[in-house]
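> make a model of this:
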Amino acid sequence: MSLRNLKGGVVMVSVKKRAGTLQEFDRAKVRASLVKAGAREEHAAKVAESIAPRVREGMETAEIKRQVATELRGLDQAAAQRYETFKKPQ
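The predicted structure follows:
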């Protein structure tokens with residue numbers, strides 16, 4: 001879940017999925033998908049934490065995936081390649 005402080009309050013950030021639906025951003029999902037792609041747990045956690053503050057309301061998941069891949073590439077080129085080419089079964 002992505003939480004932001006806004007004048008002392010907490011705001012959830014919704015992202016736009018490929019099908020056009022909105023869903024709350026969940027950094028745990030980012031971490032889990034990176035681990036499935038073969039990234040080491042510590043790299044997955046670092047990337048998920050780094051990306052979360054950059055996620056904006058209504059951001060498309062494809063853009064989040066691009067940013068995640070770019071961030072991971074600096075830590076593990078092979079895992080970044082697997083992450084970029086993975087297609088979620090529909």
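
> where exactly do the strands run in the protein?
Residue ranges of the strands in the chain, as given by DSSP state E, are 3-6, 9-12, 14-16, 22-24.

> now the first one: mean pLDDT?
When the per-residue pLDDT values of strand 3-6 are averaged, the result is 47.

> how about the second one?
Over the span of strand 9-12, the pLDDT mean works out to 62.

> shaky segments in this protein?
1-11, 88-90 (pLDDT under 70).

> go with 90
Flagging of the chain using pLDDT under 90 yields the residue ranges 1-12, 86-90.

> so which elements touch the longest helix seen in the chain?
Counting by DSSP state H, the longest helix found in the chain is helix 61-73. Other helices and strands packing on helix 61-73, by 3 or more C-beta pairs under 8 Å, 6 or more residues apart in numbering; DSSP states H and E, are strand 14-16, helix 27-36, helix 41-51, helix 77-85. From N, CA and C alone the C-beta is placed, and that goes for glycine too.

> can you list the buried residues in the second one?
Same thing as helix 27-36. Taking 16 or more other C-beta atoms under 10 Å as the basis for neighbour counts, the residues of helix 27-36 that come out buried are 27, 30-31, 33-35.
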